[in-house]
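> What follows is a protein structure lacking sequence information:
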Ligand SMILES: [Zn+2]
Ligand SMILES: [Zn+2]
């Protein structure tokens, strides 16, 4: 069992970091792990063979174009206040909690703003899939990514001088969070929904029914929807959901957000 020991060794960790293999391996784990769960307990049938190559291409475009370009723009446009020492000396777990709450509140309002007529076109692509599974949620335009980054950059102030692994943990968490919201499973948990977004909760947000147009906008904590009156109880949905934007828009316009 030497190879198992090696997997948990400092040398292996260094090998992964030196060769930038963390996120590629994480993606592989997402493909295998989440797809297995979806095949085991799917909420709806999805033609994976038909849609996966397309969504994989979208993912690669996101990874190598949208994400780096948006980050570059955010280098010029961002706000990161310097917080008082009294906050920065709090235990890491409290600062991470503050980071999540502040960033998620900001995300809620940016998301809500993008559902306003004036900004809808930069977010429309995210709502374009007519099916729901974990990789369907990767469609993001550059302006959407720039806007969504803002509250996270702002809240990152709480993690001033984070430990070296923090950016990996946040990257992995963000990927997992987005996969999770869109994952195609029958699984439900009413008590968990009192705190965090579940797949069926976010699927209502993707519904093409005008009744759900501004429903369940939260990304992580469901409290924002309850507080700001955009909450739709998943238990109140009796008809099967259908997804998409209900209009034909040329792909380039959707992907660019114009
Ligand atoms: Zn939306
Ligand atoms: Zn979504």
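Yep, that arrived. These numbers were taken from a predicted model, which means no experiment stands behind them. Ligands and ions are numbered 1, 2, ... in the order given.
> Report the separation between the residue lying closest to residue 205 once chain neighbours are set aside and residue 115.
Using Cβ to Cβ, 6 or more residues apart in numbering and skipping the chain neighbours, the partner closest in space to residue 205 is residue 216 (4.4 Å). Any C-beta I mention is one placed from the backbone N, CA and C, and that applies to glycine too. Separation of residue 216 from residue 115 (Cβ to Cβ, to the nearest Å): 11 Å.
> What of residue 73?
22 Å.
> just residue 25 next, same as before
In this view, residue 25 and residue 115 are 35 Å apart by Cβ to Cβ.
> Which one's more surrounded, those two?
residue 115 (17 against 10; other Cβ atoms under 10 Å).
> Excluding sequence neighbours, find me the nearest residue to that one.
Distances taken as Cβ to Cβ, 6+ apart put residue 214 closest to residue 115, at 5.4 Å, once the chain neighbours are dropped.
> quick one on the thing from earlier: hang on, the residue nearest to residue 205 in a strand?
No. Counting by DSSP: H, G, I helix; E, B strand; the rest coil, residue 216 falls outside a strand, being coil.
> ok, it touching residue 231?
Yes. With contact defined as Cβ atoms under 8 Å, residue 216 counts as touching residue 231 (6.7 Å).
> May I see the buried residues of the top helix by length along the chain?
Ranked by residue count under DSSP state H, the longest helix found in the chain is helix 92-114. Of all the residues in helix 92-114, those buried under the rule 16 or more other Cβ atoms under 10 Å are 95-96, 98-108, 110-112, 114.
> And it, how far out from the chain middle?
Taking Cα atoms, centre = their mean, to the nearest Å, the mean C-alpha location of helix 92-114 is offset from the chain mean by 13 Å.
> can you pull the contacts of residue 56?
Residues near residue 56 by Cβ atoms under 8 Å, 6 or more residues apart in numbering: residue 135.
> ok now the strand or helix carrying it, how far from the chain's centre?
The secondary structure element spanning residue 56 is helix 48-61 (assigned by DSSP states H and E). Relative to its chain's centre, helix 48-61 lies at 17 Å (Cα atoms, centre = their mean).
> Report the rounded mean pLDDT for the following helix or strand past it.
Under the assignment DSSP H and E, the closest C-terminal helix or strand after helix 48-61 is helix 67-76. Averaging pLDDT along helix 67-76 gives 95.
> and what of stretch 141-153?
The average pLDDT for stretch 141-153 rounds to 97.
> Contacts for that stretch, please.
So stretch 141-153 is contacted by 65-67, 69-71, 73-74, 77-80, 102-107, 109-111, 113-114, 122-123, 125-126, 140, 254-257 (Cβ under 8 Å, 6+ apart).
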